[in-house]
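Student: Here is my input, please return the structure:
(chains A and B)
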Amino acid sequence: MYKRLNVLLIEDDAIEVMKLNRTISKLQLNHTITEANNGSDALKVLNETEELPDIILLDLNMPKINGIEFLSIIKRSEKLKHIPTVILTTSSHKKDLLECYKIGVSGYVLKPLKYDDYVLKIEKVLAYWSINQLIEF
Amino acid sequence: MSQNQIDILQRALHREKLARKQAEKILESKSLELFKISEELKDVNNKLTSLLDEKTIQLQGVFENINDAYIVIDIRGNVVKMNDTAVHLFGYNIKEAPINVKSLVYKEDYKYAINSFKKLLSNGSFLNYTARIFTKKKQIKWVHINASVIYNKQKKPIAAQGIIRDITKAKFSANLIEKQKKALEKSNNELQEYAHIVSHDLKSPLRSIDSLVNWIKEDNKEKFDVDTLKNFKLIEATLEKMEQLISDILDYSSIDSTNRTQQIDLQKLVLDLQKTLFIPTNISIKIHNKLPTIKGDKTKFQQLFQNLIVNAIKFNDKEKGFIEIDFLEKQRYYQFSVRDNGIGIDEKYHQSIFKIFHSLDAKKGSSGIGLSIVKKIITLFNGDIWVKSKLGEETTFFFTLKKQ
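Tutor: Model prediction:
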């Protein structure tokens, strides 16, 4: 059984946000996407919401609070540390990769150049988390 | 007293006289012997004294002529002897006024100096004391000191001697080098970070353009004619080229250092590359001599061989193309060659192809960075690269990697 996911997308690039939304509708998936433009917006969303997201898709390169800072903050929070967080970035920098896994991520996906490749990757990531047993609050 | 008694006494007296004479004789010969020994001792003593004088003169010479400062101090630290170099170094001269080593110690090193002095008295010596001193002219100098205690016959310490070397210049250069090394490391790291950020920032718009182009295509399905669709394909190809360019520049800028800790089996590395690279069916790759296992950096060797092999594939125009990889072990280096029967390279370009952005054929989807990456990696391993080619027929790239 595929579960409908409640996804929090943290991304500052407007076209990237459009891309995920468009991919979801193209694949005819009925996941819910909540958007946040940067780390501090995302923290606000997480603090105000009554229903925590099932997974977080997190960009690394963002203004204000960047991806890695955001990740460190939620991993220190008793309330938020359990949320599976998948990095969605262009950075193939080994340093970033290592840092993210050290702090604790549930995945690290490189944004490809081609839109078609992006659709394929997102489809797989969402399908994987849809069949996972998630903590419900 | 009877005659008999007198006789007895006289005989006893006579015996005693004889015994005394004998004793006197023995005494005489013994004292002669003693005199002889005493003469011999005197002789030895004279010899020793002259030897000692000789040694003292030699020592005096060493003391005056050594390039290092030499001082002798009493156990309270008063300087009792110093050579010219010491006078020159400290600016003080004991012939003019008495000085104590305490007045030479630089304030911040005082504790260290006191501890070292205590150690000197308890252990009898110290080595490699390195600290600052304060000269008469109020200059701060770095010195290196080895010192030892001088004892008297009763094994009581009476003085200490030290050899002092002025290391101010060496210390200064070492500090400067250390500082510059750190600054260089920092700036290298910053450049690295900068390259990654620039690469990210340049790639992001490309991804966006690709998405937008695809959405326009999706949203207008069947509305575009063949030419428009062709132009869209060209936009996508251009984006790909641009992305490759950015990746290559990032790669190029990342080849600044290497660790030579890993043992790399180049034979396996090249065979693995053949599995991951796209090799058209009309092109065959052959390795003539089994490639060696050498110390180095796996990623860099991959980049090295990959760039040469990809070039050989890209610029092959023959119906049956081949790439031959060969290897020779020389005494001080390994020599490799990658030969192909492709389009060849005009001799006038044989130098410039290794410079960055010198692609000869822009149409072939090359950024003009591949060979400069190759050259940079080889330079990193103290090697060399050169090319032999017959235009239209074949090209061989030779390169060397120095043995450690």
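
Student: ok, residue B:381 to residue B:308 distance?
Tutor: Distance of residue B:381 to residue B:308, computed by CB to CB, to the nearest Å: 15 Å. Any C-beta I mention is one placed from the backbone N, CA and C, and that applies to glycine too.

Student: Over to residue B:264?
Tutor: Distance of residue B:264 to residue B:308, given as CB to CB: 16 Å.

Student: So which elements touch the lengthiest helix in chain A?
Tutor: For chain A, the helix with the greatest residue count under DSSP state H is helix A:115-130. With contacts taken as 3 or more CB pairs under 8 Å, 6 or more residues apart in numbering or on different chains; DSSP states H and E, helix A:115-130 sits against helix A:14-26, strand A:107-110, helix B:168-219.

Student: mean confidence for the longest one?
Tutor: On average, the pLDDT along helix B:168-219 is 88.

Student: Give me the next element, helix or strand, following that helix.
Tutor: On the C-terminal side of helix B:168-219, the closest following helix or strand by DSSP states H and E is helix B:226-254.

Student: could you point out which element follows that next one?
Tutor: That would be, after helix B:226-254 and using DSSP H and E, strand B:262-265.

Student: does that next one come close to chain A?
Tutor: No: counting by CB under 8 Å from any CB of the partner chain, chain A has no neighbours in strand B:262-265; the shortest distance is 15.4 Å.

Student: Name the residues that touch whatever helix or strand comes next after that strand?
Tutor: Under the assignment DSSP H and E, the closest C-terminal helix or strand after strand B:262-265 is helix B:266-276. For helix B:266-276, contacts defined as CB atoms under 8 Å, 6 or more residues apart in numbering or on different chains pick out B:285, B:287, B:290-294, B:298, B:301-302, B:305-306, B:309, B:325, B:327.

Student: ditto for stretch B:311-330
Tutor: The contact list for stretch B:311-330 (CB under 8 Å, 6+ apart) reads B:266, B:270, B:277, B:279-280, B:282-292, B:305, B:309, B:334-343, B:361, B:364-366, B:370-371, B:395, B:400.

Student: As a check, name the ranges of all helices in chain B.
Tutor: B:3-65, B:84-90, B:110-123, B:168-219, B:226-254, B:266-276, B:298-314, B:370-380.

Student: can you give me how far the longest one is from the chain middle?
Tutor: Averaging C-alpha coordinates over helix B:3-65 and over its chain gives two centres that are 68 Å apart (CA atoms, centre = their mean, to the nearest Å).

Student: What count of nearby residues applies to the nearest residue to residue B:247 once chain neighbours are set aside?
Tutor: In this structure, residue B:247 finds its nearest non-sequential neighbour in residue B:199, 7.3 Å apart by CB to CB, 6 or more residues apart in numbering or on different chains. The number of residues packed near residue B:199 is 22, by other CB atoms under 10 Å in any protein chain shown.

Student: The one 10 residues further on now?
Tutor: By other CB under 10 Å, the residues close to residue B:209 number 18.

Student: how close does it get to residue A:114?
Tutor: Counting by CB to CB, the gap from residue B:209 to residue A:114 is 11 Å.

Student: still on that earlier bit, buried ones in the longest helix of chain A, by neighbour count?
Tutor: A:115, A:118, A:119, A:121, A:122, A:125, A:126, A:129, A:130 (16 or more other CB atoms under 10 Å in any protein chain shown).

Student: pLDDT added to these, as TSV?
Tutor: Output for those, formatted as TSV (pLDDT from 0 to 100):
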residue	pLDDT
A:115	93
A:118	95
A:119	95
A:121	96
A:122	96
A:125	96
A:126	95
A:129	94
A:130	92
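
Student: Go through those residues and name the one nearest chain B.
Tutor: Distance to chain B, by CB to the nearest CB, is smallest for residue A:115 among these, at 4.1 Å.

Student: phi, psi of residue A:6?
Tutor: Here is the backbone geometry of residue A:6 (degrees, to the nearest 10): phi -100, psi 100.

Student: and it, what does it touch?
Tutor: A:31, A:32, A:34, A:51, A:52, A:53, A:54.

Student: What is the most widely separated pair among those residues?
Tutor: Using CB to CB, the two most remote members of those are A:31 and A:52, lying 14.9 Å apart.

Student: Span of stretch A:99-108 from start to end?
Tutor: 11 Å (CA to CA, to the nearest Å).

Student: Any buried residues in it, and which?
Tutor: Judged by neighbour count (16+ other CB under 10 Å), stretch A:99-108 contains these buried residues: A:99, A:100, A:103, A:105, A:106, A:107, A:108.

Student: ok, and what's touching it?
Tutor: Stretch A:99-108 is contacted by residues A:55, A:58, A:60, A:68, A:71-72, A:75, A:81, A:84-87, A:89, A:97, A:125 when judged by CB under 8 Å, 6+ apart.

Student: how about those residues, which pair is most distant?
Tutor: By the measure CB to CB, A:72 and A:125 form the most distant pair in those, at 22.3 Å.

Student: Next, count neighbours for residue 47.
Tutor: Chain wasn't specified; assuming chain A. 10.

Student: was after chain B, sorry
Tutor: Other residues lying near residue B:47 total 10 when counted by other CB under 10 Å.

Student: mind listing what it touches?
Tutor: So residue B:47 contacts nothing (CB under 8 Å, 6+ apart).

Student: Rounded mean pLDDT for the host helix or strand of residue A:102, please.
Tutor: Element membership for residue A:102 (DSSP H and E) is helix A:94-103. For helix A:94-103, mean pLDDT is 92.

Student: Measure how that helix sits relative to helix B:168-219, angle-wise.
Tutor: 80 degrees (axes from the mean of the first three to the mean of the last three CA atoms, to 10 degrees).

Student: okay, the angle between helix A:94-103 and helix B:298-314?
Tutor: Going by the same axes, to 10 degrees, helix A:94-103 makes 130 degrees with helix B:298-314.

Student: Wait, residue B:249 touches residue B:369, no?
Tutor: Yes: under the criterion of CB atoms under 8 Å, residue B:249 makes contact with residue B:369 at 6.4 Å.

Student: And those two? Which one has more around it.
Tutor: residue B:369 (22 against 19).

Student: wait, what's in contact with the more buried one?
Tutor: B:245, B:248, B:249, B:251, B:252, B:356, B:357.

Student: Spatially nearest residue to it (excluding sequence neighbours)?
Tutor: residue B:248 (3.9 Å).
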